[in-house]
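Novice: here is a sequence with its predicted model. Questions after.
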2 protein chains.
Amino acid sequence: MSKSETKSDQHKEKILKISREMFAKNGYEATTTRMINQAAGTAEGLMYYYFPHGKHEILNTIVHQGIINRVNQLQMTFNDCVTKTDLEQRLMLIFENIWQVFQDKENYQSFVITIHERMLLSDDQADWLLQILEGLVDEIAQQLKAAPVLQSISKGQYRPLARVIVSIFQKVIYDELLIKNNRQLTDEMKNLIRPQLSVVLSI
Amino acid sequence: MSKSETKSDQHKEKILKISREMFAKNGYEATTTRMINQAAGTAEGLMYYYFPHGKHEILNTIVHQGIINRVNQLQMTFNDCVTKTDLEQRLMLIFENIWQVFQDKENYQSFVITIHERMLLSDDQADWLLQILEGLVDEIAQQLKAAPVLQSISKGQYRPLARVIVSIFQKVIYDELLIKNNRQLTDEMKNLIRPQLSVVLSI
DNA sequence: GTCTATAAGAAGATAGAC
DNA sequence: GTCTATCTTCTTATAGAC
């Protein structure tokens, strides 16, 4: 957790780092413990010293660490917007903020692993994603409620609207990170998102 | 393709069916050729008669068949809507139509496999998803353009709006099918989607 | 903590009989 | 077309020296 790692912990971290990379790139089952040990430069037996339950314990550790890290890094500050352009820009920034989280290699890799190896994980381990997204809906709903420009819409519409906005973000993230294997935020992507935000805010 | 299968083709189909089930449930790598042969009730060697390139050829066949089937079954007819409630109901039906496609076991399984085994597939094989979704955006944009109720919005907003609607659908499908492992369309889900459609159509 | 060596079994694939 | 038998390689995991 902290930077004060003993020399031995460095080996453990190395094994985790290599495993994360290989699981994300080639999949959990396709990655053998030998490949991990070789790439990590550690001996065959050492892995079982740090992870007595073997390969699957490494997977669980990676997924768990991933949850913690992404939640921690997804914190963002909100402040009120007075115009619709203001609000649109704010939401765009929120998206870029989320995207930024996945620029971190570890976060990206553990996310990909969590989706791809869904069948090897518990429901709890997979559920984090939905919970984070629900939290995001809450925060954006708050943001919308606080915006003077949107006072016209009825009280019950804030959450559905927030949900729509999260859907817009989520589609881009899934399409790019999971299908296209793209981690670069291009102008093309932004130019696709912005009109969508614009149209849903024009109510 | 047709129903006039020779007896031998039945064995091939059996192998594909069993493989599809096992790949979807346990993953491609975790499923061994022995498990497939045993469950299919066919001998060790026979698999290589039908699929000379082995296990990976089975995967490719499943993914390819999945694309074809889902595209074919996703055809739907549109006709004009005169009121916003009309339009909202129409879009709801479109969603239920898409959902229905995944009620077909084969379609569901090949979809899950395509996402989970992304790293084993070519970019072309993964790209189908995005192309289908783009096609859906087109169709919904047409639908919106034809709706007398929405004549007020500017010409350039139909596609962004259609994109938003597809995002709403896509989020539900991904969350339920991939994360929650749920294939049942509940009232709760419908009651989450409807207000979102309502709010984006209230422009 | 870290190493080497190896057990014990399972993997994908093939050869060749019928 | 379908089968049995088997080859070769690789897998996870452990035992035990240092």
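Specialist: Yep, it's here.
Novice: below-threshold pLDDT in chain A: ranges please.
Specialist: For chain A, the stretches flagged by pLDDT under 70 are A:1-8.
Novice: for it, which segments count as helices?
Specialist: A:7-26, A:33-40, A:47-50, A:55-73, A:84-103, A:105-116, A:123-146, A:158-173, A:187-201 (DSSP state H).
Novice: pick the most deeply packed of those helices.
Specialist: helix A:158-173 (a mean of 23; mean count of other C-beta atoms under 10 Å in any protein chain shown). Quick note: C-beta positions are derived from backbone N, CA and C, even for glycine.
Novice: what does it rub up against?
Specialist: Helix A:158-173 has contacts (C-beta atoms under 8 Å, 6 or more residues apart in numbering or on different chains) with A:91, A:94-95, A:98-99, A:102, A:133, A:136-138, A:140-141, A:143-145, A:150, A:153, A:189, A:192-193, A:196-197, A:200, A:203, B:163-164, B:166-168, B:170-171, B:174, B:192, B:195-196, B:198-200.
Novice: kindly export it (C-alpha atoms) in CSV.
Specialist: What follows is helix A:158-173, C-alpha atoms only, in CSV (Å, rounded to 0.1, in the frame of the first residue of the first chain):
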residue,chain,number,x,y,z
TYR,A,158,-33.1,14.6,-12.7
ARG,A,159,-32.2,11.0,-12.1
PRO,A,160,-33.4,9.7,-15.4
LEU,A,161,-31.5,12.5,-17.1
ALA,A,162,-28.4,11.7,-15.1
ARG,A,163,-28.8,8.0,-16.1
VAL,A,164,-28.9,9.0,-19.7
ILE,A,165,-25.7,10.9,-19.4
VAL,A,166,-23.9,8.0,-17.7
SER,A,167,-25.2,5.7,-20.5
ILE,A,168,-23.5,8.0,-23.0
PHE,A,169,-20.2,7.9,-21.1
GLN,A,170,-20.5,4.1,-20.6
LYS,A,171,-21.1,3.3,-24.2
VAL,A,172,-17.9,5.1,-25.3
ILE,A,173,-15.8,3.5,-22.6
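Novice: got the angle between it and helix A:84-103?
Specialist: Angle, helix A:158-173 to helix A:84-103, by axes from the mean of the first three to the mean of the last three C-alpha atoms, to 10 degrees: 50 degrees.
Novice: helix A:187-201 and helix A:158-173, what's the angle between them?
Specialist: 170 degrees.
Novice: would you mind listing what in chain A touches DNA strand D?
Specialist: For chain A, the residues in contact with DNA strand D (C-beta under 7 Å from any atom of the strand) are A:31-35, A:44-45, A:48, A:52, A:54-56.
Novice: A:H64: which of those residues is nearest?
Specialist: A:H56 (12.3 Å; C-beta to C-beta).
Novice: tell me if I'm right that A:K84 and A:L201 touch.
Specialist: Yes: the pair A:K84 / A:L201 is scored as a contact, 5.4 Å apart, by C-beta atoms under 8 Å.
Novice: what do those two both touch?
Specialist: With C-beta under 8 Å, 6+ apart as the test, A:K84 and A:L201 both reach A:L150.
Novice: next, count neighbours for the residue in chain A positioned nearest to DNA strand D.
Specialist: Nearest residue of chain A to DNA strand D (C-beta to the nearest atom of the strand) works out as A:G54 at 2.4 Å. When neighbours are defined as other C-beta atoms under 10 Å in any protein chain shown, A:G54 has 11 of them.
Novice: and the nearest residue to it once chain neighbours are set aside, how close does it get to A:H56?
Specialist: Ranked by C-beta to C-beta, 6 or more residues apart in numbering or on different chains and with sequence neighbours excluded, the top spatial neighbour of A:G54 is A:Y48, at 6.6 Å. Applying C-beta to C-beta, to the nearest Å, the value for A:Y48 to A:H56 is 12 Å.
Novice: repeat for A:K12
Specialist: As defined by C-beta to C-beta, A:K12 lies at a distance of 16 Å from A:H56.
Novice: then A:D175?
Specialist: Distance, A:D175 to A:H56, by C-beta to C-beta: 30 Å.
Novice: and what of A:D86?
Specialist: Distance of A:D86 to A:H56, given as C-beta to C-beta: 48 Å.
Novice: for A:L197, same thing?
Specialist: For A:L197, the distance to A:H56 - C-beta to C-beta - is 42 Å.
Novice: just give the nearest non-adjacent residue to the residue of chain A most remote from its centre, would you?
Specialist: Ranked by distance from the centre of chain A (C-alpha atoms, centre = their mean), the top residue is A:S152, with 33.4 Å. Leaving aside its sequence neighbours, A:S152 sits nearest to A:I203 (C-beta to C-beta, 6+ apart; 7.9 Å).
Novice: so that neighbour sits against B:I203, correct?
Specialist: Yes: if you go by C-beta under 8 Å, A:I203 and B:I203 touch, sitting 5.2 Å apart.
Novice: any bit of stretch A:177-190 sitting next to chain B?
Specialist: Yes: judged by C-beta under 8 Å from any C-beta of the partner chain, stretch A:177-190 and chain B are in contact via A:178-181.
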